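[1] Kindly return the folded structure for what I paste below:
(chains A and B)
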Amino acid sequence: MRRCAVQIKTVNEEMVRETMQSLAKFLMHQGYPSVQVVDKIGSYYVDQIKHVIAGITAENIRGFGVSVEGGKIVVVGDDFNQRLSIEQFTKMFENFYVATAMQRSLQSMGYRTSAQILPNKTIAVRGVSGVGYNV
Amino acid sequence: MSSGYKRIDVAIDEKGKVHIQTSGFVGESCIKEGEALIKKLQEAGLEVTTEDLKKTGEFYAKEKSATTVREG
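    This next block holds a predicted model:
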């Protein structure tokens, strides 16, 4: 058993989009209606951020966008009076991003992968290899 | 390896700590597979620092087997 601290050092834009898709599915599962992944989150943010890689919007989420500045992830959004604060969204995004990287890494090592979110919000990723064993 | 499959279970907790557990490996191969995974994550742009490492029964299985062979 190994415990690691993980930080996102270099951001992969394709993985950001994939992570946003996973996050949207999770938020819908959590009761947020019609979560959409968009490529921009409105002109309000244009002055604050030049290029949003991917954004999320829904009835109960005015919009969170993810960008990269100086190689670091930057999250912008309006969380006033919303169920999800920008800090909560940022942490969720980071954890989902690590889970996405984990699945890709395991797959490149020949593992079949699956992932699920546990009730305590832990993301469980499983990789298996070998004949006759299902993920 | 004594069985036909290998498994790596990863848990990313709410605080972002990553817990990795392997099964189906024997001896040092479980450590090496964990290190290979960390290397892949680093190549993917993540900075990974191992904070704690606990060896399970599978790690010691090889040593017992090797001892048996030498004694035989």
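[2] so who does the residue nearest the centre of chain B touch?
    Nearest to the geometric centre of chain B sits B:C30, at 3.1 Å (CA atoms, centre = their mean). For B:C30, the contacting residues are B:T22, B:T56, B:E58, B:F59, by CB atoms under 8 Å, 6 or more residues apart in numbering or on different chains. Yep, even glycine has a C-beta here, placed from its N, CA and C like the rest.
[3] What are the boundaries of the helices in chain A?
    With DSSP state H as the criterion, chain A has helices at A:13-29, A:86-108.
[4] Out of these, flag the one nearest chain B.
    Closest to chain B of the helices of chain A is helix A:86-108 (CB to the nearest CB; 3.6 Å).
[5] Show me which residues of that closest one are buried.
    Neighbour-count burial for helix A:86-108, counted by 16 or more other CB atoms under 10 Å in any protein chain shown, picks out A:89-106.
[6] just those that are near chain B?
    By CB under 8 Å from any CB of the partner chain, the members of the buried residues of helix A:86-108 lying near chain B are A:K91, A:E94, A:N95, A:V98, A:A99, A:A101, A:M102, A:R104, A:S105, A:L106.
[7] quick one on the thing from earlier: can you convert the contacts of B:C30 into CSV and add a column each for pLDDT?
    Below are the contacts of B:C30 laid out as CSV (pLDDT from 0 to 100):
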residue, pLDDT
B:T22, 93
B:T56, 78
B:E58, 75
B:F59, 73
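[8] so what's residue 48 scoring on pLDDT?
    I went with chain A, as the question did not name one. As summarised for this prediction, A:Q48 has a pLDDT of 56.
[9] think we crossed wires, I meant chain B
    On pLDDT, B:V48 comes in at 93.
[10] Same question for A:S85.
    On the pLDDT scale, A:S85 gets 88.
[11] Is it correct that it is in contact with A:D79?
    Yes: here A:S85 lies in contact with A:D79, judged by CB atoms under 8 Å, at a distance of 4.8 Å.
[12] And the two? Which one has more around it.
    A:D79 (17 against 12; other CB atoms under 10 Å in any protein chain shown).
[13] so the more buried one touches A:F89, yeah?
    Yes: counting by CB under 8 Å, A:D79 touches A:F89, with 7.4 Å between them.
[14] hey, what's in contact with both of these two?
    A:F64.
[15] Buried residues of stretch A:54-74, list them for me.
    The neighbour-count check on stretch A:54-74 (16+ other CB under 10 Å) flags A:54-58, A:61-68, A:73-74 as buried.
[16] what's the closest of the residues you listed to B:I12?
    Nearest to B:I12 among those: A:I73, at 15.9 Å, using CB to CB.
[17] The residue nearest to the centre of chain B: which element?
    Using DSSP states H and E, B:C30 falls within helix B:29-43.
[18] Great, nothing more from me.
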